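In: prediction below, plus the sequence it came from.
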Amino acid sequence: MVSPVLELAEITKTFGMTAALSSMSIRLWPGEVHAIVGENGAGKSTMIKIMTGLYPPTSGTIKIDGKPVTLTGPQAARDLGVTAIYQEPMVFPDLDVSENIFISSTREGWIQNRADLRRKAQTLIEGIGITLDVDRIASGLTLAEQQAVEIARALSQDVRVLIMDEPTASLSAHEAEQLRKIAVTLARQGVSVVYISHRLEEIFEIADRVTVVRDGRHISTRPIDEVTSEGMIAEMVGREIDSYFARVPSHAQPETVLEVSNLARKDVFEGVSFNLQKGEILCMAGLVGARRTDIALALFGIAPPTSGHITYKGKKVSFQSPRQAIDAGIAYLSEDRRKFGLAMPMDITANITLATLAEFLSPTGLLDHEKERATAEVFREKLNIRTSDIGLPVEMLSGGNQQKVMLAKWLNLKPDLLIFDEPTRGIDIGAKAEVHALIRAFAAAGGAAIVVSSDLPEVLAMGDRILVMREGRQMGIVDGNDATQENIMSMATGQSDMKEAS
Amino acid sequence: MKNAGAPGKILKRLKSWEGFLALVLGIIFLANVILSPQYLSLLNQINLFQLSIEKIIVALVMTFIIINAEIDLSVGSMMGLGACVFGWLVQGGMGGGWAILVVLLVGLAGGALNGFFITRIGLPSLVVTLATLIGFRGLARVLVEDRGITDFPDWFDALGQNGLIGPVPFALIAFAVLFVLLFIVLQKSGFGRKTYVIGTNRDVADYAGIDTARHKMKLFLASGLISAFAGLLYAARVGAVRGDVALGFELDIITIVLLGGVSIYGGAGSLIGTLLAILIVLNLRNGMALINITGHIQTGVIGLLLIGSVLLPKLNLSTLFRKNKGQPPEQKEESA
């Protein structure tokens, strides 16, 4: 009886209360290219980390050749022939190609025969169908070549399952094609290739089978010729939109707050043009690597654009620092609360007053602690921040309440434009609905809001208009009333492009 | 915890790091009183401060720097440079008042140099101030070489060696005034709040529109200025300068600040902690000196104290002390 080379059987992985994977099962056969697709947060990364021994599963079995195994770490997985390569290749920049290939090899003994290694490296490199001088130093290689080195390294250790996680995301079209050829070559040689990509056209080009995952669950596994891109997208997004995410009428007023034309930051994003009315909510949708956060940072003065124009409240502006943007009434709520949003060990009050400290200073520069406390109390009441004491460190609050503290910090500025970056990531559904209500209240009161979100139901519920980004390019703007999960997703994955082309 | 009454509050205070330091200080104080009859005399009490007055003044500014998650290793050399520039100028015939002004400007310039490389070029303060530690010291030695300079104006020597108000000398008054001033700045002002926020997380401060580079520049300017001032105090107290004035003082100063509970990673600590650490170190040294324990052993004991102070919180005493602190970090959802 033939058994799959690697099998996940009923794997569940939970982090605290949230399940990243729920009884996920998948079988990988030798010689196939097996694509895995799903939205951001669908559980693909967690799955890879389980396969490569980085995370132990909470429950379920991992089988190799039909036998249950316990992977104690990446080395254990490698010893069994399971290796992953990522978007950013891991090479040692100062070593040459052959040294990189055999860096972790224990088979070559203590004393290495360099000529022998070079020859072996050459064979491996040729085996994956590319030409590359094995004496070249790794730092001089292109990303695709570095990835080839990584693949050759995996081959030198008798790889049986090669997981490629978004390998082409940062490659040029030509390099990506080269890499896809390698994947196919390896599969012909009997390796089981797991291919994860947001580019659906790639999947149709090279995959033998496709597995769709959604919300940590296995949705389907089918041979590629039984799959259409519409069907695949429908399965990727096809969850129920619950009543929390009902649409409300737009509050947009005729007055334009922000006009962005042909905005670009070199090598990051380009061709971004939109305008935003008073009272309007503009959502930015897209997949990982769509560069939406970079647009927000450009508007907020942290990473200024290199070309294009921003007109804010009728005046051309070019903010070179957050201070200038803040003084103009623009606020940005970072997607990463821990890194950029909140001073975690400091108390709630100090965090709320942080962006508007000048308001609480006496002429001599002393802080008015009473006024600070009063302001924090007002926001605790208004935003329903659930805590026994506003003197507690923010790190003791739940994610949803931390988000509200961050919002309070910026609302106290009374901004005209608020940019929310993934405002509901990692918070529970109840808090999500509260944050949505707060964003709507801000817009209803005449504020203009940009909401960057990877949560499609959220985008559809919140957006008066939806701007879709893909790999640094603006794919289009859809009216919220016309938007569906399917048309947003096909723009975000580039399917709409393909249709136009064909 | 919130509703603990007055006794609970006192207990809570005692359980903090400052409370622990106060306890240690109390023990040292009692031991000194018992072991040595001269200990409590006013002259000994003044002398106790006077012997290390320059270091403890600089320790106040160092508290700000370390809370800001930076370090200034060049303070000892700047004290030496300040003292030597003064001696050199006075020897060259400049009036004492003008010389003092020049020394303070040199302090500011040195601080600006550190600040420039740290905030504009973006080099780590550890590296920059290590370089200026060597540079400032080298300059001091070039100016004064190995001969001492002793011919200061009489009023200058008097300021350093005699009491200004009764037996209390100028330097001690300067320390007290500076302590009160800096305490207010750190604990009550917007500047103080920014110092903590930047030290806790510089990115968060940047994103909130705080000019973190400018803030750090101000701190290094203050550090240079106060160090040069402390160098003048040293010259006045000893009545002589040489190229090796204040050699290695930076380590004593940093020791005091860390012992005071200021986190080397920034963001935490207080001037009360620094003051308690100052009192502990000075009283410990004084007590040991009064019962004829030599300087080297004194240094060893203080070294042990520092190791203990770093070790103690690691022994999970901190979790024992502050029960509610630090819930398990929320694991972030993975995005595929």
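Out: Sure, I can see it.
In: measure B:G199 to A:P57 for me?
Out: 40 Å (C-beta to C-beta, to the nearest Å). In this view, the C-beta of every residue, glycine as well, is placed from N, C-alpha and C.
In: next one: A:T493
Out: 29 Å.
In: and the residue of chain A closest to chain B?
Out: As assessed by C-beta to the nearest C-beta, chain B sits closest to A:K44 within chain A, at 3.3 Å.
In: neighbours around A:K266, how many?
Out: For A:K266, the neighbour count with other C-beta atoms under 10 Å in any protein chain shown is 9.
In: swap in A:G66?
Out: 11.
In: so it sits against A:A9, correct?
Out: No. Applying C-beta atoms under 8 Å as the test, A:G66 and A:A9 come out as separate, 10.5 Å apart.
In: tell me the secondary structure at A:A264.
Out: Under DSSP: H, G, I helix; E, B strand; the rest coil, A:A264 falls in the strand class.
In: ramachandran angles for the nearest residue to it once chain neighbours are set aside?
Out: Leaving aside its sequence neighbours, A:A264 sits nearest to A:E270 (C-beta to C-beta, 6 or more residues apart in numbering or on different chains; 3.9 Å). Backbone geometry at A:E270, expressed as degrees, to the nearest 10, gives phi -160, psi 160.
In: quick one: contacts for A:E270?
Out: By C-beta atoms under 8 Å, 6 or more residues apart in numbering or on different chains, the contact list for A:E270 reads A:A264, A:G472, A:R473.
In: what's the burial count for the first one?
Out: Each residue near A:A264 was counted by other C-beta under 10 Å, and the total is 18.
In: hey, what's it bridged with?
Out: A:S307 (DSSP bridges).
In: make sure it is actually in contact with A:S273.
Out: No. Here A:A264 lies out of contact with A:S273, judged by C-beta under 8 Å, at a distance of 10.2 Å.
In: anything in contact with each of the two?
Out: A:G308.
In: separation between the nearest residue to B:T255 once chain neighbours are set aside and chain A?
Out: Taking C-beta to C-beta, 6+ apart, and ignoring the residues beside it in sequence, B:T255 has B:L306 as its nearest neighbour in space, at 5.4 Å. Distance from B:L306 to chain A, counting by C-beta to the nearest C-beta, to the nearest Å: 23 Å.
In: okay, now the unreliable bits of the stretch 1-150 of chain A?
Out: Applying pLDDT under 70 to the stretch 1-150 of chain A flags residues A:1, A:17, A:105-112.
In: would you map the helices across it?
Out: Listed in chain order, the helices of the stretch 1-150 of chain A (DSSP state H, counting those that start in this stretch) span residues A:44-51, A:74-79, A:97-101, A:114-127, A:143-156.
In: just the stretch 51-200 of chain B next, same as before
Out: Under DSSP H, counting those that start in this stretch, the stretch 51-200 of chain B gives helices at B:53-67, B:75-91, B:96-115, B:125-144, B:154-161, B:170-188, B:190-200.
In: can you redo the ones you listed as a markdown table with mean neighbour count and mean pLDDT?
Out: Putting these into a markdown table (neighbours: other C-beta atoms under 10 Å in any protein chain shown; pLDDT from 0 to 100) gives the following:
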| stretch | mean neighbour count | mean pLDDT |
| --- | --- | --- |
| helix B:53-67 | 26 | 96 |
| helix B:75-91 | 28 | 95 |
| helix B:96-115 | 20 | 96 |
| helix B:125-144 | 20 | 95 |
| helix B:154-161 | 16 | 90 |
| helix B:170-188 | 17 | 95 |
| helix B:190-200 | 23 | 95 |
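In: closest one to A:Q320 among these?
Out: Of all the helices of the stretch 51-200 of chain B, the one in closest proximity to A:Q320, counting by C-beta to C-beta, is helix B:190-200 (19.8 Å).
In: for the helices of the stretch 51-200 of chain B, which one sits closest to B:I280?
Out: For B:I280, the closest of the helices of the stretch 51-200 of chain B is helix B:53-67, at 11.6 Å, according to C-beta to C-beta.
In: can I get the helices of the stretch 1-150 of chain A in TSV with mean neighbour count?
Out: Putting these into TSV (neighbours: other C-beta atoms under 10 Å in any protein chain shown) gives the following:
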stretch	mean neighbour count
helix A:44-51	24
helix A:74-79	16
helix A:97-101	26
helix A:114-127	16
helix A:143-156	24
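In: and for the residue nearest to B:P169 when sequence neighbours are not counted, the neighbour number?
Out: Nearest residue to B:P169, sequence neighbours excluded (C-beta to C-beta, 6+ apart): B:G163, at 5.6 Å. Counted by other C-beta under 10 Å, the residues lying close to B:G163 total 13.
In: same question, A:R323
Out: Based on other C-beta under 10 Å, the number of other residues close to A:R323 is 15.
In: what's near enough to touch it?
Out: Contacts of A:R323 (C-beta under 8 Å, 6+ apart): A:G301, B:G209, B:I210, B:D211.
In: which residues of the stretch 51-200 of chain B lie near chain A?
Out: Within the stretch 51-200 of chain B, the residues that sit near chain A (C-beta under 8 Å from any C-beta of the partner chain) are B:I184, B:K188, B:S189, B:G190, B:F191, B:G192, B:R193, B:K194, B:Y196, B:V197, B:T200.
In: what's the closest of these to B:L105?
Out: In terms of C-beta to C-beta, no member of those lies closer to B:L105 than B:F191, at 22.7 Å.
In: right, and that closest one touches A:L366 too?
Out: No. Here B:F191 does not reach A:L366: they are 9.6 Å apart, not a contact under C-beta under 8 Å.
In: wait, isn't B:Q91 in contact with B:R147?
Out: No. Using C-beta under 8 Å, B:Q91 is not in contact with B:R147; the gap is 10.0 Å.
In: can you tell me the SS state at B:A289?
Out: Following three-state DSSP, B:A289 is assigned to helix.
In: find the residue closest to it in space, skipping its chain neighbours.
Out: Counting by C-beta to C-beta, 6+ apart, B:Q298 is the residue found nearest to B:A289 once chain neighbours are left out, at 7.1 Å.
In: neighbours of the one you found, how many?
Out: 17.
In: so who does it touch?
Out: By C-beta under 8 Å, 6+ apart, the contact set of B:Q298 is B:L284, B:R285, B:M288, B:A289.
In: cool, and B:G239?
Out: B:T150, B:F152, B:D157, B:G160, B:Q161 are the contacts of B:G239 under C-beta under 8 Å, 6+ apart.
In: any idea of the pLDDT on it?
Out: pLDDT recorded at B:G239 is 91.
In: kindly provide the distance from it to A:D96.
Out: Distance of B:G239 to A:D96, computed by C-beta to C-beta: 65 Å.
In: so A:A331: helix, strand or coil?
Out: For A:A331, the assignment made with three-state DSSP gives strand.
In: which residue is the nearest non-sequential neighbour of the most centrally placed residue in chain A?
Out: Closest residue to the average C-alpha location of chain A: A:V288 at 3.5 Å, with C-alpha atoms, centre = their mean. Leaving out its chain neighbours, the residue that sits closest to A:V288 by C-beta to C-beta, 6+ apart is A:N40, at 5.4 Å.
In: and that neighbour, backbone torsions?
Out: For A:N40, the backbone dihedrals (degrees, to the nearest 10) come out as phi -60, psi 130.
In: contacts only, for the spatially closest residue to B:E54 that is not a sequence neighbour.
Out: Of all residues not flanking B:E54 in the chain, B:A230 sits nearest, at 4.0 Å (C-beta to C-beta, 6+ apart). Neighbour list for B:A230: B:E54, B:K55, B:I57, B:V58, B:M79, B:G82, B:A246 [criterion: C-beta under 8 Å, 6+ apart].
In: now, among those, which is nearest to chain A?
Out: Closest to chain A, out of all of the contacts of B:A230 and judged by C-beta to the nearest C-beta, is B:I57, at 22.2 Å.
In: if we can go back for a sec, among the contacts of B:G239, which one lies nearest to chain A?
Out: The closest of these, once distances to chain A are taken by C-beta to the nearest C-beta, is B:G160, at 32.3 Å.
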